[in-house]
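K.L.:
Curious how this folds, go ahead:
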Amino acid sequence: MSPLAEVLSQSALHDVIGLLVKVVEATGALIIFAGTVRAFVQFVRAGARGRGKVAEFTRIRLGLGQFLVLGLEFQLAGDVLRTAVAPSFAEIGQMAAIAAVRTALNYFLGREIAQERAEIEKGGTAPPSAGADSPPHRAS
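P.N.:
Residues are numbered from 1 along each chain as shown. You can find the predicted model right below:
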């Protein structure tokens, strides 16, 4: 294989991966946006109906949290995909930092969702301060 063909194929691969990264990250952003719009509409409807109970708002928060977790997963997938084509050490470091932050956000969101679901299944609602200090409860 000639050096020119090797450079062209690597360049084409880099362009394709770049496009895929944009598609995956845009999908994640759209999921987060759709969840935000959905939660806002539910919030306005609950307020308009006078059903501003804590349980209703907790249900809305859980739904929004699920969209956030899914969107963050897509963002993380885009980060992983970005490192597929011969990244530099600086790019690897940046991706590692971004991936660590997104993974931590995802973990804590998932943990809070699980805690609130467990509270709802027990018949109560999670107090507003429940969260980072208490151990996670797993819904069965």
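
K.L.:
So Ala77 sits against Val24, correct?
P.N.:
Yes - at 5.3 Å, Ala77 counts as touching Val24 under the criterion of CB atoms under 8 Å. Where you see a C-beta, it was placed from the backbone N, CA and C, and this is true even at glycine.

K.L.:
Out of those two, name the residue with the larger neighbour count.
P.N.:
Taking neighbours as other CB atoms under 10 Å, Ala77 and Val24 compare with Val24 leading, 19 against 16.

K.L.:
Verify the stated contact: Ala34 with Gln66.
P.N.:
No - taking contacts as CB under 8 Å, Ala34 lies outside contact range of Gln66: 11.4 Å.

K.L.:
Would you check how far apart Ala84 and Ile17 are?
P.N.:
5 Å (CB to CB, to the nearest Å).

K.L.:
Kindly report the same for Glu91.
P.N.:
Separation of Glu91 from Ile17 (CB to CB): 13 Å.
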